[in-house]
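S.K.: I would like to see how this sequence folds:
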Amino acid sequence: DSSNNLHRDLRYHPEQPARIDACIDELKRFQQNEFGSIELQDVEENSAWTFTEEELNRARDILVQTHSENFVSALEQRCRNSRQQRIREGKPSLGFVGYVDNDTY
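M.R.: A predicted model of the protein is given here:
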């Protein structure tokens, strides 16, 4: 979601706004050629976009190709717990879920 553009670190980190912008630019370039069609959606908190169960399952399938099943399941649960906690605290449901590891948040 576009709130990732707010991602900042105190030192260099590969996940930074410039990298996200480069990915989005490449997706837009791909979208404009004859190789296929993709639909870019901003899923930021105030967006009307919601994911279908099929879309969530597809994203999960992609993640488990490069991460263990346990890691993906733990991350899913962490996100769900964070969302519920944020809602209980009266905060937007999307937001910082904590550090996934030493340099991923």
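
S.K.: hey, where'd the helices end up in the chain?
M.R.: 17-31, 53-63, 69-88 (DSSP state H).

S.K.: Indicate which one of those helices is closest to residue 39.
M.R.: Nearest to residue 39 among those is helix 17-31; the distance by Cβ to Cβ comes to 8.0 Å. (C-beta placed from N, C-alpha, C; glycine too.)

S.K.: Now do the buried residues in the lowest-mean-pLDDT helix or strand in the chain.
M.R.: When each helix and strand of the chain is scored by mean pLDDT, DSSP states H and E, helix 17-31 comes last, with a mean of 79. Within helix 17-31, no residue is scored as buried using 16 or more other Cβ atoms under 10 Å.

S.K.: Out of the helices of the chain, flag the one nearest residue 100.
M.R.: helix 69-88 (6.7 Å).

S.K.: what helices or strands is that closest one leaning on?
M.R.: helix 53-63 (3 or more Cβ pairs under 8 Å, 6 or more residues apart in numbering; DSSP states H and E).

S.K.: per-residue confidence averaged over the helix it packs on?
M.R.: Helix 53-63 shows a mean pLDDT of 89.

S.K.: Output that helix in PDB, but only the C-alpha positions, please.
M.R.: Taking Å, rounded to 0.1, in the frame of the first residue of the first chain, the C-alpha atoms of helix 53-63 are listed here in PDB:
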ATOM      1  CA  GLU A  53     -10.300 -14.800  -0.400                       C
ATOM      2  CA  GLU A  54      -9.000 -16.000  -3.800                       C
ATOM      3  CA  GLU A  55      -6.600 -13.100  -4.000                       C
ATOM      4  CA  LEU A  56      -5.300 -13.600  -0.400                       C
ATOM      5  CA  ASN A  57      -4.700 -17.300  -1.200                       C
ATOM      6  CA  ARG A  58      -2.800 -16.500  -4.400                       C
ATOM      7  CA  ALA A  59      -0.600 -14.000  -2.400                       C
ATOM      8  CA  ARG A  60       0.000 -16.700   0.200                       C
ATOM      9  CA  ASP A  61       0.900 -19.300  -2.600                       C
ATOM     10  CA  ILE A  62       3.500 -16.800  -3.900                       C
ATOM     11  CA  LEU A  63       5.000 -16.200  -0.500                       C
END
